[in-house]
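Chemist: 3D model of this:
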Amino acid sequence: MARYRGPKSKIARRFREPIFGRDKALEKKNYGPGQHGNSRRRPKLSEYAVQLAEKQKAKYTYGLLEKQFRNLFKKAAAKKGITGENLLKFLEARLDNTVFRLGIAPTRRGDVVSVRERSKSLEIIADAAGSVRKRFNWLEWDGGELSGKFISYPERSEIPENIKEQLIVELYSK
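Modeler: Okay, the predicted model is just below:
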């Protein structure tokens with residue numbers, strides 16, 4: 001599976017948000033990356049540039065490539081309801097995101113999908129299962145069995161990501 005392997009701090013600084021989790025680079029340098037990142041004068045971005053940046057932020061946040069993201073958008077547009085909210089619901093329902101939200105993996109890039117019977121006694125698994133993470137209404141976690149279940153699609157108000165989905169819809173609607 002292809003995925004972004006480049007510098008994560010650079011991407012987080014570009015969008016000025018902790019896209020890949022907490023990042024010390026944002027605390028040290030709160031301006032964009034590159035030679036001209038800290039210049040005071042910023043050109044006004046066009047409407048297209050703002051929409052594209054929001055789409056890129058969503059792609060990096062959920063770890064998708066362009067084709068995967070476009071296919072999810074088409075699926076969201078075909079479903080009844082608000083396209084932007086449907087898109088975020090489909091992104092939250094992905095297996096890697098579900099494992100991250102359940103607290104089994106520390107990041108969305110975590111490779112652990114399930115816990116085998118012999119692995120339940122490992123220290124790293126016990127630490128991850130015992131850590132108190134925010135629980136989400138659309139996911140069910142059983143600490144005794146070390147298993148989780150995706151119950152239903154979340155509502156937009158329940159999704160904690162700071163993504164303006166309407167800008168993505170406008171970008172793809174052109």
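Chemist: just give me the neighbour total for residue 154.
Modeler: 20 (other CB atoms under 10 Å). All C-beta spots, glycine's among them, are computed from the backbone N, C-alpha and C.
Chemist: leaving out sequence neighbours, find the closest residue to it.
Modeler: Ranked by CB to CB, 6 or more residues apart in numbering and with sequence neighbours excluded, the top spatial neighbour of residue 154 is residue 138, at 4.3 Å.
Chemist: list phi and psi for that neighbour.
Modeler: Residue 138 adopts backbone torsions of phi -90, psi 0, taken as degrees, to the nearest 10.
Chemist: give me the neighbour count for it.
Modeler: Under the neighbour criterion other CB under 10 Å, residue 138 is assigned a count of 18.
Chemist: mind listing what the nearest residue to residue 20 once chain neighbours are set aside touches?
Modeler: With CB to CB, 6+ apart as the criterion, residue 20 has its nearest non-adjacent residue at 4.4 Å, and that residue is residue 8. Taking CB atoms under 8 Å, 6 or more residues apart in numbering as the contact definition, residue 8 lies against 19-20, 23.
Chemist: all strands of the chain, in order?
Modeler: Residue ranges of the strands in the chain, as given by DSSP state E, are 139-142, 147-150.
Chemist: measure residue 102 to residue 121 for me?
Modeler: Using CB to CB, to the nearest Å, one gets 19 Å for the distance from residue 102 to residue 121.
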